[in-house]
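Chemist: let's see this in three dimensions:
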Amino acid sequence: MLARQRQAAILDRVRATGGVRVTELAAEFGVSDMTIRRDLDALHAQGLLAKVHGGATVTGPSAADEPGFDAKSVRQLAEKAAVAAHAARLVRPGAAVALSAGTTTAELARRLVDVPGLTVVTNSLRVAEVFHGGGRSDQTVILTGGVRTPSDALVGPLAVAAIHSLHMDLLFLGVHGISERAGFTTPNLMEAETNRALMAAADRLVVLADHTKWGLVGLCSIGELSRADVVVVDDRLPEEGRRVLGEQVGELIVVARSAGGRAGTATATEGTPA
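Modeler: You can find the predicted model right below:
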């Protein structure tokens with residue numbers, strides 16, 4: 001087993017059980033304690049787990065924690081701006097697009113308010129507010145309705161029923177977490193169901209994420225990595241994330257951050273066709 005494969009398996013074990021011991025991992029993988037410690041050092045350096053005496057534990061919030069929109073909106077601003085700026089290039093005048101809830105999709109909305117002839121479907125109150133403030137008479141905005149979540153998403157049976165009657169060219173999906181084991185995830189069960197309905201109603205799926213989403217696992221899976229036609233992420237994505245996404249999504253686009261909020265250089269990696 002290659003080191004990166006072993007490290008991926010260790011990370012999956014930590015996410016699944018909450019913690020691991022060096023001695024147990026060494027016996028399981030047939031390697032020395034020192035090798036396992038080096039693996040834990042590498043994963044800790046990427047912020048994917050927390051080292052403790054004799055082993056490691058899960059880092060960050062629990063799978064069910066759901067930060068509010070305002071709390072998330074002040075994080076990774078340059079990364080989100082670069083990802084949104086590149087994603088905006090994928091939208092053509094007159095298209096029918098869907099934007100899920102999230103701070104990165106809200107940033108994308110700000111870059112789409114001047115695109116003529118758009119039809120926008122969203123379950124995000126914040127996204128709808130952006131387009132309402134734009135005031136273009138040639139844009140149509142459809143807000144799904146539903147039950148409001150802490151992230152200002154509208155979810156549940158009303159949202160799903162509205163989405164089932166629609167068809168979109170593109171879906172821009174924001175996610176809570178991305179992992180090889182769990183795919184794209186969210187901490188909210190009803191939001192996962194609503195996002196799956198959006199995925200089913202769109203011809204193409206574009207996932208927008210900053211690098212901190214890699215390795216996070218929310219309570220509920222939205223879909224497998226292979227469902228994404230395109231993933232746009234910033235250039236601080238760890239090497240392991242680049243490898244896994246490059247192999248499993250249709251196209252991985254890694255965008256350089258820009259302090260001015262404009263998209264920098266983008267590197268596209270062809271993956272397995274979605």
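Chemist: which residue of the chain sits farthest from its center?
Modeler: In the chain, the residue that sits farthest from the middle, by Cα atoms, centre = their mean, is residue 32; the gap is 35.3 Å.
Chemist: mind checking pLDDT for that residue?
Modeler: If you check residue 32, the pLDDT there is 95.
Chemist: swap in residue 261?
Modeler: With respect to pLDDT, residue 261 scores 45.
Chemist: for the chain, which segments count as helices?
Modeler: 3-17, 22-29, 33-45, 69-72, 77-88, 103-110, 125-134, 157-164, 189-201, 239-248 (DSSP state H).
Chemist: deepest of these, which one?
Modeler: With neighbours defined as mean count of other Cβ atoms under 10 Å, the helices of the chain peak in mean count at helix 103-110, which reaches a mean of 25. Yep, even glycine has a C-beta here, placed from its N, CA and C like the rest.
Chemist: right, so of the helices of the chain, which gets closest to residue 212?
Modeler: Shortest distance between residue 212 and the helices of the chain, using Cβ to Cβ, is found for helix 77-88: 8.1 Å.
Chemist: can you name every helix or strand that that closest one contacts?
Modeler: With contacts defined as 3 or more Cβ pairs under 8 Å, 6 or more residues apart in numbering; DSSP states H and E, helix 77-88 has these neighbours: helix 103-110, strand 202-208, strand 230-234, strand 251-255.
Chemist: and with 10 Å instead?
Modeler: On a contact count with 3 or more Cβ pairs under 10 Å, 6 or more residues apart in numbering; DSSP states H and E, helix 77-88 meets helix 103-110, strand 168-174, strand 202-208, strand 230-234, strand 251-255, strand 266-270.
Chemist: okay, the angle between it and strand 230-234?
Modeler: For helix 77-88 against strand 230-234, the angle by axes from the mean of the first three to the mean of the last three Cα atoms, to 10 degrees is 150 degrees.
Chemist: kindly export helix 77-88 (C-alpha atoms) in CSV.
Modeler: Presented in CSV, the C-alpha positions along helix 77-88 are these (Å, rounded to 0.1, in the frame of the first residue of the first chain):
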residue,chain,number,x,y,z
LEU,A,77,-13.0,35.5,1.3
ALA,A,78,-10.2,35.6,-1.3
GLU,A,79,-10.7,31.9,-2.1
LYS,A,80,-14.5,32.3,-2.5
ALA,A,81,-14.1,35.4,-4.7
ALA,A,82,-11.7,33.6,-7.0
VAL,A,83,-13.9,30.5,-7.3
ALA,A,84,-17.0,32.5,-7.9
ALA,A,85,-15.3,34.7,-10.5
HIS,A,86,-14.2,31.7,-12.5
ALA,A,87,-17.6,30.0,-12.2
ALA,A,88,-19.3,33.1,-13.6
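Chemist: check the offset of that helix from the chain's centre.
Modeler: Distance of helix 77-88 from its chain centroid, counting by Cα atoms, centre = their mean, to the nearest Å, is 13 Å.
Chemist: could you do stretch 229-239 as well?
Modeler: Chain-centre distance of stretch 229-239: 10 Å, with Cα atoms, centre = their mean.
Chemist: pull up the distance across it, start to finish.
Modeler: Start-to-end span of stretch 229-239 (Cα to Cα, to the nearest Å) is 20 Å.
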